[in-house]
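**Q** Pasting a predicted model and its sequence here:
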Amino acid sequence: MSVHPHAGPVMVASDLDRTLIYSAKSMALSGNDHLAPRMVVAEVYEAAPLSFMTRAAEGLLEGIVQRSVFVPVTTRTRAQFSRVRLPGFGRGYAVTTNGAVLLHDGKPDPDWSRHIQRSLGSACAPLDDVLRHLTGSAAVPAILRVRTAEDFFAYSIVDRQALPDGYLAELEAWCHARGWTTSLQGRKLYCVPAPITKEAAVEEIRRRCGAGLLVAAGDSRLDAGILKLADIAIRPSHGELDSDAYRRPNLTVTAANGILAGEEILRFVTGVLAQAGSGRPVVGASAAPTTAAAY
């Protein structure tokens, strides 16, 4: 067990999709409809509900927002993030576009924007070069559509079963040589400049807020950096990190998966905040737990 002394406010940084909020396809409910938890709509798209969380999870999040510096951290663009309606959203800090955009009270922070532009200009090939590689002579039919996120990075919708052997390794090497990274998550293949990371933006917010203890949650490879940065971290028992059997000291893995894992994550964070509020050092999770710790 690790003990974390804490000074300053506790900061909670959490991914959104498949960590706190879930589409109908990602809920992973048992099929016994009468046992389904009560849910609230977290996002509406084209006049239809798109993402959900349990009603209990919403109540837990309300308490967390009141007792910590809560920072949503997402690969979503600003427009996609603006559709999410959860307690505390629109106030304080948020990270979108995988760390390229740092929002403060809903507005992009100009100092962070300038920092990102300087970092990209000095270290990375232009976005257009990556787009040409994805769609030009090196393109493969398994790449179904290519999109850009606010002109910062590219993501493709892919047919995973049709990806040629060796394609991902070749793309990773090509991108690495040009200062970019790759990540395949579900049906989305991301190509992102190396300086654009969630953890860099989270670390900047932590510095500004003078936060002591950092608690983080996430499910994907793009979240691994914030889990590594955190003093105490938790991930759900689904997603790419679960497929990778991702473990590290002070990381807890939920017992539940799907939408119930989102609720479990928020119960875990609530327990950490209760310990921090008691004035005692906060005890972190063991190196490779299989279920969430009870506080």
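**A** Thanks, I have the structure now.
**Q** domain parsing for the chain?
**A** Taking automatic domain parsing as the domain assignment, the record places the domains of the chain at 3-115+197-283, 125-193.
**Q** Output those in CSV; the columns should cover mean pLDDT and mean neighbour count.
**A** In this view, the C-beta of every residue, glycine as well, is placed from N, C-alpha and C. Converted to CSV, the domains of the chain look like this (pLDDT from 0 to 100; neighbours: other CB atoms under 10 Å):
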stretch, mean pLDDT, mean neighbour count
domain 3-115+197-283, 94, 19
domain 125-193, 95, 16
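**Q** which SSE is residue 65 in?
**A** Residue 65 is located in helix 55-67, with elements delineated by DSSP states H and E.
**Q** so what does that helix touch, helix or strand wise?
**A** If contacts are counted by 3 or more CB pairs under 8 Å, 6 or more residues apart in numbering; DSSP states H and E, helix 55-67 sits against strand 39-45, helix 259-277.
**Q** okay, the ones you listed in JSON lines with distance to residue 10 next?
**A** Converted to JSON lines, the helices and strands packed on helix 55-67 look like this (distance: least, CB to CB, whole Å):
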{"stretch": "strand 39-45", "distance to residue 10": "23"}
{"stretch": "helix 259-277", "distance to residue 10": "5"}
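**Q** Looking at those, which is nearest to residue 249?
**A** Nearest to residue 249, of all the helices and strands packed on helix 55-67, is helix 259-277, at 15.5 Å by CB to CB.
**Q** Next, the angle helix 55-67 makes with that closest one.
**A** Helix 259-277 runs at 30 degrees relative to helix 55-67, counting by axes from the mean of the first three to the mean of the last three CA atoms, to 10 degrees.
**Q** Now for residue 234, which secondary structure element holds it?
**A** Remark: residue 234 resides in strand 232-235, with elements defined by DSSP H and E.
**Q** what's the next secondary structure element after that strand?
**A** Next helix or strand after strand 232-235 toward the C-terminus (DSSP H and E): helix 240-243.
**Q** Would you mind pulling the contact partners of that next one?
**A** 183-185, 218-221, 223-224, 227, 235-236, 253, 257 (CB atoms under 8 Å, 6 or more residues apart in numbering).
**Q** which among those gets closest to residue 91?
**A** For residue 91, the closest of the contacts of helix 240-243 turns out to be residue 218, at 21.6 Å, with distances computed as CB to CB.
**Q** ok, now how distant is that closest one from residue 61?
**A** Using CB to CB, to the nearest Å, one obtains 16 Å as the distance from residue 218 to residue 61.
**Q** what do you get for residue 38?
**A** Distance of residue 38 to residue 61, given as CB to CB: 15 Å.
**Q** still on that earlier bit, may I have the strands that pair with the strand holding residue 234, each with its orientation?
**A** Based on DSSP bridges, the strands next to strand 232-235 in the sheet, each with its direction, are strand 214-217 (parallel), strand 251-253 (parallel).
**Q** is it possible to export those strands to JSON lines including distance to residue 231?
**A** Shown next, in JSON lines, are the strands paired with strand 232-235 (distance: least, CB to CB, whole Å):
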{"stretch": "strand 214-217", "distance to residue 231": "5"}
{"stretch": "strand 251-253", "distance to residue 231": "11"}
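**Q** what's the closest of these to residue 195?
**A** Residue 195 lies closest, by CB to CB, to one member of the strands paired with strand 232-235: strand 214-217, at 19.8 Å.
**Q** Which is the succeeding secondary structure element to that closest one?
**A** helix 224-229.
**Q** who does residue 39 bridge with?
**A** Beta-bridge pairing for residue 39 (DSSP bridges): residue 54.
**Q** Please give me every residue in contact with it.
**A** Contacts for residue 39 (CB under 8 Å, 6+ apart) come out as 52, 53, 54, 55, 259.
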